[in-house]
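Visitor: One predicted model, sequence on top.
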Amino acid sequence: MAVRSPPEYTTTIDRYYIDTRQLVLSTLDTKSTQSLPLLATLQYPDQEAVTRFIRPSDRYMSLASALLKYTFIHRRAKIPWSKVQVLRTPGPHRRPYWVPLEEYELPEETCSKIGGLEFNVSHQAGLVAIIGCSTPRAQLPTPHTHSDSSTINKALDQLDLTGHRTPILAADEIRLGVDIACTNEDRRTPQDMTTQAQFDEWVDIFAEMFSERERWTMRHAPIHVPVVEREEGDYWDSDTTSSSDTAPNGNSYGTGAAEPGSSREAKLIHLKLRRFYAYWALKEAYIKMVGEGLLASWLQKLEFMNVVAPPSPTGMPRRSWNQTSTPARPLSRSPNPTSSDSKGVSKHQTTVNNDHKPNVHLSSNTLSREDEVGKWTPPEKAERGVKTLLYGREVEDVDIELVAYDEDFLLATALRGVKEQQPNISTDNRSQWKRWVRLDIEQDIRPCAEGKCHCLDEVTRPQV
């Protein structure tokens, strides 16, 4: 029997991200001691949360997380930046949430007034992302009982997994979850894992996190190799793959059978490790949506099947399996002068229907920049064929999606109780639908933080 939930609420969904890696490199290169941008515009508790970190990389990720939450709430709730207050549930989970302000009337979207907001944030290895949407009512914390789960193996400490718990959803509760996994992070990802025996030992560390079936699949299931990568010789060509390992669509599947110590085995382990992180991101996104994080007693009962780790997006330079990480490429902050009107407003904003206005406050250097868009798995190629099981029953009411960013990042999202509104074919800019949009701190966020944006000029009204 499948697990079902109440009818879904239809709305637009915002996906924003900030890549802080270049910001950190700039700070290190110049040994700058200047204050973090826009830190003073945050509420004092949020400033403290940022400045308590010592390492520049951690500070920038904490700052980016706060700026993304403020930006999302400011734009969707139509309230001044200075009035944004992000609350948190009690420890240990401390999930961020927002309570509508009585003195501000929430805007209308589509055909009704929104009642609240739901959002979730993830950060890993310099990349910070938020997914959020409006809700029919305020999404306030609900009571819960303490978990009786056993202590998780301390080896899990080498991977960053934080979650929160929420009870079974009520009729109008909406939950979103997002997680970023880095497949090649310094100090966490094993750099010398080249044999099946080493990989088996690695997987066994997480026996309390993944079910026996999931761990078996990680070790032994065929590995999907996109045709383009096989033809480019990144892994192995068709001469090294038997006919029984080739799918009808021409894709190649490695069986996992490789001579111990061979180059092919090392490459295969590299792919299996990437798939391991896909499992990790999926499970984390789901438990951040509805679960208790590592305190959950049902971690092993939540299973994912048919997991395929999306490859590095087309056009990205692919690193050899044993090559170390490379710094992020500099991000241009120069807007395209031909993509803005006389008021400096992006043309993307002028061509989008009012029903989708929360998504269109973008600078001209976001979707129009092919170098940034090309770092992502195209929305039409996102992995959506994952099958989710909870206590052996298929979960049909959760929208699961897995995409890749840059060379080493995988992002998983889990949406429950909400259906993403499709853009109007005749009036909307469909190029933005389901895409992750990079926000530049100076060009996209500073105008909002300093009250110089147009977000509050008018409130979206329903169409008659």
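Guide: Thanks, I have the structure now.
Visitor: Within its local environment, how many residues does E450 see?
Guide: Residues near E450, counting by other Cβ atoms under 10 Å, number 11. All C-beta atoms are positioned from the backbone trio N, CA, C, and that covers glycine.
Visitor: which residues of the stretch 251-400 of the chain fall in strands?
Guide: Ranges of strands in the stretch 251-400 of the chain, per DSSP state E, counting those that start in this stretch, are 252-254, 302-305, 387-390, 393-394, 398-405.
Visitor: how about low-confidence regions in the stretch 351-464 of the chain?
Guide: By pLDDT under 70, the low-scoring segments of the stretch 351-464 of the chain are 351-370, 425-431, 458-464.
Visitor: Please enumerate the helices of it.
Guide: Along the stretch 351-464 of the chain, counting by DSSP state H, counting those that start in this stretch, helices occupy 370-373, 446-449.
Visitor: gap between G132 and V386?
Guide: Separation of G132 from V386 (Cβ to Cβ, to the nearest Å): 22 Å.
Visitor: For these two, indicate the residue with more neighbours.
Guide: Applying other Cβ under 10 Å to G132 and V386 shows that G132 carries more neighbours, namely 26 against 18.
Visitor: Just the buried positions in stretch 125-139, please.
Guide: Residues 125-136, 138-139 are the ones in stretch 125-139 that count as buried (16 or more other Cβ atoms under 10 Å).
Visitor: Could you do stretch 181-199 as well?
Guide: For stretch 181-199, by 16+ other Cβ under 10 Å, it's 181-185, 189, 193-196, 199.
Visitor: Sort out for me which of these are in strands.
Guide: In strands, defined here by DSSP state E, the members of the buried residues of stretch 181-199 are 181-182.
Visitor: which helix in this structure runs the most residues?
Guide: helix 263-290 (DSSP state H).
Visitor: Next, the angle from it to strand 398-405.
Guide: 130 degrees (axes from the mean of the first three to the mean of the last three Cα atoms, to 10 degrees).
Visitor: Setting aside sequence neighbours, what's the nearest residue to E8?
Guide: The shortest distance from E8 to any non-neighbouring residue, by Cβ to Cβ, 6 or more residues apart in numbering, is to K419 (4.1 Å).
Visitor: The one you found: how many residues sit nearby?
Guide: Around K419 there are 14 residues (other Cβ under 10 Å).
Visitor: Relative to A309, which of the buried residues of stretch 181-199 is nearest.
Guide: Distance to A309 across the buried residues of stretch 181-199 (Cβ to Cβ) is lowest for T183, with 8.1 Å.
Visitor: For the stretch 1-150 of the chain, which segments are assigned as strands?
Guide: Using DSSP E, counting those that start in this stretch, strands in the stretch 1-150 of the chain cover 9-11, 13-19, 87-88, 96-97, 108-109, 112-113, 116-124, 127-135.
Visitor: Now the ones you listed in a markdown table, please, with extra columns for mean pLDDT and distance to S312.
Guide: Shown next, in a markdown table, are those (pLDDT from 0 to 100; distance: least, Cβ to Cβ, whole Å):
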| stretch | mean pLDDT | distance to S312 |
| --- | --- | --- |
| strand 9-11 | 91 | 32 |
| strand 13-19 | 97 | 15 |
| strand 87-88 | 89 | 35 |
| strand 96-97 | 89 | 31 |
| strand 108-109 | 84 | 36 |
| strand 112-113 | 78 | 41 |
| strand 116-124 | 96 | 16 |
| strand 127-135 | 97 | 14 |
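Visitor: Which among the ones you listed is found nearest to G374?
Guide: Per Cβ to Cβ, nearest to G374 of the strands of the stretch 1-150 of the chain: strand 13-19, 13.8 Å.
Visitor: The closest one - contacts with which helices or strands?
Guide: Secondary-structure packing of strand 13-19 (3 or more Cβ pairs under 8 Å, 6 or more residues apart in numbering; DSSP states H and E): helix 56-77, strand 127-135, strand 437-438.
Visitor: can you rerun that using 10 Å?
Guide: helix 56-77, strand 116-124, strand 127-135, strand 175-182, strand 398-405, strand 409-416, strand 418-420, strand 437-438 (3 or more Cβ pairs under 10 Å, 6 or more residues apart in numbering; DSSP states H and E).
Visitor: can you put these in CSV and add distance to M305?
Guide: Shown next, in CSV, are the helices and strands packed on strand 13-19 (distance: least, Cβ to Cβ, whole Å):
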stretch, distance to M305
helix 56-77, 32
strand 116-124, 23
strand 127-135, 23
strand 175-182, 18
strand 398-405, 11
strand 409-416, 15
strand 418-420, 23
strand 437-438, 31
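Visitor: And the ones you listed: which comes nearest V84?
Guide: Nearest to V84, of the helices and strands packed on strand 13-19 and by Cβ to Cβ, is helix 56-77 at 4.9 Å.
Visitor: Give me the helices and strands touching that closest one, please.
Guide: strand 13-19, helix 21-30, helix 44-51, strand 96-97, strand 116-124, strand 127-135, helix 446-449.
Visitor: Buried deepest among the ones you listed, which one?
Guide: Highest mean neighbour count among these (mean count of other Cβ atoms under 10 Å): strand 127-135, with a mean of 25.
Visitor: Which one of the helices and strands packed on helix 56-77 lies nearest to V395?
Guide: Relative to V395, the nearest member of these by Cβ to Cβ is strand 116-124, separated by 17.8 Å.
Visitor: ok and that closest one relative to helix 56-77, angle-wise?
Guide: 160 degrees.
Visitor: So R274 sits against P310, correct?
Guide: Yes. Counting by Cβ atoms under 10 Å, R274 touches P310, with 9.2 Å between them.
Visitor: where do the contact lists of the two overlap?
Guide: With contacts taken as Cβ atoms under 10 Å, 6 or more residues apart in numbering, R274 and P310 have 404, 410 as neighbours in common.
Visitor: quick one: G91 from L63, how far?
Guide: For G91 relative to L63 (Cβ to Cβ), the value is 22 Å.
Visitor: ok so, going back, could the strands of the stretch 251-400 of the chain be laid out in TSV, adding mean neighbour count and distance to P80?
Guide: Converted to TSV, the strands of the stretch 251-400 of the chain look like this (neighbours: other Cβ atoms under 10 Å; distance: least, Cβ to Cβ, whole Å):
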stretch	mean neighbour count	distance to P80
strand 252-254	21	55
strand 302-305	20	40
strand 387-390	17	40
strand 393-394	12	45
strand 398-405	22	32
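Visitor: Distance to S57 added to the ones you listed, as a markdown table?
Guide: Shown next, in a markdown table, are the strands of the stretch 251-400 of the chain (distance: least, Cβ to Cβ, whole Å):
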| stretch | distance to S57 |
| --- | --- |
| strand 252-254 | 35 |
| strand 302-305 | 30 |
| strand 387-390 | 33 |
| strand 393-394 | 40 |
| strand 398-405 | 17 |
